[in-house]
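> This is a predicted model, with the sequence first.
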Amino acid sequence: MRAAAPAGGTLALAHAGMEAQFDAIYATSAGAINASYFLSGQGDLGISIYFDDLTTGRFINPRRLNKIVDVDWVIDELVCLKKPLDVAKILASPTQFFVPLIDMENGEATMIDVKNSSVSVPSVIRAALALPVLYNLTVNIDGKDYMDGGLRIPFPIQQAIEDGCTDILLLLSRPEDFVAPVPPLWSKLIFELICARGRKGIRKAFSESHHSSRVSRNLALGRSAVPSNVNIATICTKENEAIHRTSVHRETLIAAATSYGKRTLRILGADPDGWALGPPEAIHWPGR
């Protein structure tokens, strides 16, 4: 649910007419849904999922112990039926699209080329949303079982740099001063019982997740050196946009997405005072 805030930033980029301006998009976890509806030109439809559907109690249910977060309902009922994603438009887009996943067998991260994958775009999104413990199922791609890649790659800035990206825009769901904590013993025990089940690679990925986060954030925020030809712009959530990962309060989600989107537009040089998650015509571009 934290991804609702940067979804506002993604929608702002769409309303600014930037759907085809990126050579590549890299998206982890729920960011894969934001990126998919952005590339399909359906940003308004995609962001409505957070407000209208995920807040109903159908998606998150703590009493449903076997599947607290129902990712299958999101994909099968929302992405494929109720608010159908235009997959053909994603595949026709000139923008490359990559999503990191974790191989359940060895705990290593794999970058999936979404547009050239052997499985459908919704299937890759399902794998990206396959949260350990809360969803705790996997998605099979080419004979391997995968889950959400966030433990190893909270956001793929290193991978983008290694792929030759030189101008990088990051939309992050955490505040600038966030520091990932070391997983406490009790959480390691729960993860081992429910998810790892003796698989050393996955156990290691969870135990080292704080390190993976810190490495990525240090790159994103200029605390670690990057190649001299690489330019990075990072937008983090502000205090009023911070959302708990299981928040289902509709007004809070809308306010966070709106605030984040307006800041994104200001960074682009627009006056967003009349913009409240749309329409695009409400954006004032000085001098245009």
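Okay, I see it. In this text the structure is predicted, and so the values were computed from the model without any measurement.
> what's near enough to touch Asp44?
Leu11, Ala14, Leu277, Gly278 (CB atoms under 8 Å, 6 or more residues apart in numbering). Where C-beta positions appear, they are placed from N, C-alpha and C, glycine not excepted.
> Okay, and the last one sits in which element?
In this structure, Gly278 sits in neither a helix nor a strand according to DSSP states H and E.
> which residues touch Gly17?
Gly17 touches Pro280, counting by CB under 8 Å, 6+ apart.
> Among the contacts of Asp44, which one is most surrounded by other residues?
Taking other CB atoms under 10 Å as the neighbour criterion, Leu11 ranks highest of those with 27 neighbours.
> for the stretch 151-288 of the chain, which spans come out with low pLDDT?
Where the stretch 151-288 of the chain drops to pLDDT under 70, the residues are 288.
> can you give me the strands for it?
Counting by DSSP state E, counting those that start in this stretch, one finds strands in the stretch 151-288 of the chain at the ranges 167-175, 231-237.
> just those strands: most buried one?
The highest mean neighbour count among those, using mean count of other CB atoms under 10 Å, belongs to strand 167-175: a mean of 20.
> so what does that strand touch, helix or strand wise?
When contacts are defined as 3 or more CB pairs under 8 Å, 6 or more residues apart in numbering; DSSP states H and E, strand 167-175 packs onto helix 4-15, helix 31-39, helix 157-162, helix 209-220, strand 231-237.
> Can you say which of these is nearest to Ser259?
Between Ser259 and those, the tightest spacing by CB to CB is seen for helix 4-15, at 7.2 Å.
> Can you tell me the SS state at the residue nearest to His249 when sequence neighbours are not counted?
Distances taken as CB to CB, 6 or more residues apart in numbering put Thr55 closest to His249, at 7.2 Å, once the chain neighbours are dropped. Judged by DSSP: H, G, I helix; E, B strand; the rest coil, the three-state class of Thr55 is coil.
> now stretch 38-56: how far from the chain's centre is it?
13 Å (CA atoms, centre = their mean, to the nearest Å).
> Extract the C-alpha trace of that stretch and format it as PDB.
Listed next in PDB are the C-alpha coordinates belonging to stretch 38-56 (Å, rounded to 0.1, in the frame of the first residue of the first chain):
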ATOM      1  CA  PHE A  38       1.800   3.900 -16.800                       C
ATOM      2  CA  LEU A  39       3.200   2.100 -19.900                       C
ATOM      3  CA  SER A  40      -0.300   1.100 -21.100                       C
ATOM      4  CA  GLY A  41      -1.500   4.700 -20.900                       C
ATOM      5  CA  GLN A  42      -4.100   3.800 -18.200                       C
ATOM      6  CA  GLY A  43      -2.600   5.700 -15.200                       C
ATOM      7  CA  ASP A  44      -6.000   7.000 -14.000                       C
ATOM      8  CA  LEU A  45      -7.400   3.500 -14.100                       C
ATOM      9  CA  GLY A  46      -4.400   1.900 -12.400                       C
ATOM     10  CA  ILE A  47      -4.200   4.300  -9.400                       C
ATOM     11  CA  SER A  48      -7.900   3.900  -8.800                       C
ATOM     12  CA  ILE A  49      -7.200   0.300  -7.700                       C
ATOM     13  CA  TYR A  50      -5.500   1.600  -4.500                       C
ATOM     14  CA  PHE A  51      -8.500   3.800  -3.600                       C
ATOM     15  CA  ASP A  52     -11.500   1.900  -4.800                       C
ATOM     16  CA  ASP A  53     -10.600  -1.800  -4.500                       C
ATOM     17  CA  LEU A  54      -7.700  -2.400  -2.100                       C
ATOM     18  CA  THR A  55      -9.500  -0.500   0.700                       C
ATOM     19  CA  THR A  56     -12.500  -2.800   0.800                       C
END
